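Peer 1: give the three-dimensional model of this entry:
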Amino acid sequence: MDKVGQSPQRALLSQQVSGARYFFLNLAPARGAKVGPALGGRELCNPDYRVDREAYAYAGLEYVAEGEGWVELDGTRHRLGPGAVFAYSRATRCAIHTDPARPMLKYFVCLTGAKAGLRLVQAGVAPARVQLLAVHAELRGLFEDLIHEGQRRGRLTMALCAVRLELLLLKVEEHIRQGAQGEDPARERFLRCRALIEERAEKLTTLQEIALVAGLEVSSVCRLFRRYHDCSPYQHLLRRKMTLAAEQLVENGGLVKEAAQRMGFNDPYHFSRCFKAVHGVAPRELLRYRRAD
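Peer 2: Residues are numbered from 1 along each chain as shown. Below you'll find the predicted structure:
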């Protein structure tokens, strides 16, 4: 993100990124507004990514999921790597650079409200501070959910995103406290695996593919889900696929066979049976509800 200039959305965001996804909710909050999300997103930094600013329009929270770089906050320089979380206030002097050899993939959310800085302090990430979380893969899924919700633009979008932001901040606080109590490498592997399933659900189809993208043996993936989750990895993938399918049918309509193909099902009847097993209604019934609304 760069200095504020003439074009609101363009000036708020860096152009030195690829594969970016953003949402914009409340760029001009009313005086006395409660803490909530103004905008946020996911950015894959280009090798020349560089941000230098004396101030910014919002307080913000950023999370590095992959890659390396550094951030300078009010004159203090910090290394950044996977699991790094840092915050800034509107008055924080901030410079962010990526390592060209290992560009960062990072998420951010900008906060509105007079007490935004205080809320970040309560979450354990005071402005101009950096925390390195030992267990952090869960944050990726929470940011993805926030971005997805922010892009939907429905009547309840603002309220839903405020709840998702609060959940994200609570999870940051929880992980910071867990880090102080000691690491759990197995739980981190599970959270990373679950986050990959949720992010790539449309393309993944088998347990073997899940293990491959996670860099683990099939038996290890199954063992992690037995220990930390209430279902198998394939069942979690199926639930995620059916959730995405329901969202697409409600938002865009279309044919059931098209939704099936997007989720990797060659047989629309098999897709419909799986959909009903997860949601309790067939996809055609969901489409009828949509038309009735």
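Peer 1: use CA for all of it now, contacts and neighbours both
Peer 2: Fine.
Peer 1: how many other residues sit next to residue 159?
Peer 2: Residues lying near residue 159 (other CA atoms under 10 Å) number 12.
Peer 1: that one and residue 28, how far apart?
Peer 2: 16 Å (CA to CA, to the nearest Å).
Peer 1: please enumerate the helices of the stretch 101-250 of the chain.
Peer 2: In the stretch 101-250 of the chain, the helices defined using DSSP state H, counting those that start in this stretch lie at 116-122, 137-152, 157-181, 185-199, 207-214, 218-228, 233-252.
Peer 1: what's the longest one packed up against?
Peer 2: Contacts of helix 157-181 with other secondary structure elements, assessed using 3 or more CA pairs under 8 Å, 6 or more residues apart in numbering; DSSP states H and E, are made with strand 36-45, helix 137-152.
Peer 1: any idea which of the ones you listed is most buried?
Peer 2: strand 36-45 (a mean of 24; mean count of other CA atoms under 10 Å).
Peer 1: in its sheet, which strands sit next to it, and in what direction?
Peer 2: strand 17-24 (antiparallel), strand 105-112 (antiparallel) (DSSP bridges).
Peer 1: and for residue 156, the neighbour number?
Peer 2: Neighbour tally, residue 156, other CA under 10 Å: 10.
Peer 1: no wait, residue 116
Peer 2: 22.
Peer 1: likewise residue 101?
Peer 2: Counted with other CA under 10 Å, residue 101 comes out at 10.
Peer 1: how is the protein divided into domains?
Peer 2: 8-181, 185-292 (automatic domain parsing).
Peer 1: can you add mean pLDDT and give these back as TSV?
Peer 2: Listed next are the domains of the chain as TSV, based on pLDDT from 0 to 100:
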stretch	mean pLDDT
domain 8-181	90
domain 185-292	88
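Peer 1: what's the most buried one of those domains?
Peer 2: domain 8-181 (a mean of 19).
Peer 1: skip the chain neighbours and tell me the closest residue to residue 185.
Peer 2: Among residues not flanking residue 185 along the chain, residue 135 sits closest, at 7.6 Å (CA to CA, 6 or more residues apart in numbering).
Peer 1: whoops, residue 108 was the one
Peer 2: Once flanking residues are discounted, residue 108 sits nearest to residue 62: 4.2 Å by CA to CA, 6+ apart.
Peer 1: I'd assumed residue 85 was in contact with the one you found.
Peer 2: Yes. The criterion here is CA atoms under 8 Å, and residue 62 meets it with residue 85 at 5.7 Å.
Peer 1: ok, residues contacting the helix or strand containing residue 274?
Peer 2: Using DSSP states H and E, residue 274 falls within helix 268-279. Under the criterion CA atoms under 8 Å, 6 or more residues apart in numbering, residues 238-239, 242, 256-257, 260-261, 265, 281-283 lie in contact with helix 268-279.
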